[in-house]
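Enquirer: please find the sequence and the predicted model below.
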Amino acid sequence: MTPAVVLAILVAAGAALVVQNLIMVRITGVASTVLVTLVLNSSIGLVLLVGLLWWRNGAGFMAETAGLFRWWMILPGVLGSFFVFAGIMGYQRLGAAATVSVLVASQLVLGLLVDQARSGAALREAMVPALGAVLLVLGAWLVARRGF
């Protein structure tokens, strides 16, 4: 896959996330709890993915999945559910722009720290990306400050 295709997929995914959260806020507005929204979101995703795996690999995917399972593999699902929950809360209480800006800024800061720790590069090399992160965090604050 070319970098341009990957970039296009990332842009589409970012836009899809905004639409997804707007729809989930609407579902939460008519449900008794945000947990109903989370269960619907996760269940539909699970059914879709299981269907795709079944279509691609047949029933053998179940044995592979069971054989690979380790206790720590539940963490991505827990963290993903937390992310979706936080997104819904943010959209409801702060609005889309504030929520997205805070989420993106926090992801960038941790992403830079992880990349720096993995690369072991000199801190001097991280100065330009760090400046970008500072500017993004400042921008997120400017966007989100009216919500706080």
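Expert: It's in.
Enquirer: now do residue 131 against residue 116, distance only.
Expert: 14 Å (CB to CB, to the nearest Å). All C-beta spots, glycine's among them, are computed from the backbone N, C-alpha and C.
Enquirer: no wait, residue 36
Expert: From residue 36 to residue 116 the distance is 40 Å (CB to CB).
Enquirer: for residue 6, same thing?
Expert: For residue 6, the distance to residue 116 equals 22 Å [CB to CB].
Enquirer: which stretches of the chain aren't confidently modelled?
Expert: Along the chain, the parts satisfying pLDDT under 70 run over 147-148.
Enquirer: now the helices for this structure?
Expert: Secondary structure of the chain, counting by DSSP state H: helices at 3-30, 34-57, 60-68, 75-93, 96-119, 127-144.
Enquirer: now the fifth one: buried residues?
Expert: Residues of helix 96-119 classed as buried under the neighbour-count rule (16 or more other CB atoms under 10 Å) are 96, 98, 99, 100, 101, 102, 103, 104, 105, 108, 109, 116.
Enquirer: quick check: the last one vs residue 125, distance?
Expert: In this case it means residue 116. Distance, residue 116 to residue 125, by CB to CB: 9 Å.
Enquirer: ok, back up a step: adding distance to residue 48, write the buried residues of helix 96-119 out as TSV.
Expert: Output for the buried residues of helix 96-119, formatted as TSV (distance: CB to CB, whole Å):
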residue	distance to residue 48
96	25
98	30
99	25
100	24
101	29
102	29
103	24
104	26
105	30
108	29
109	32
116	36
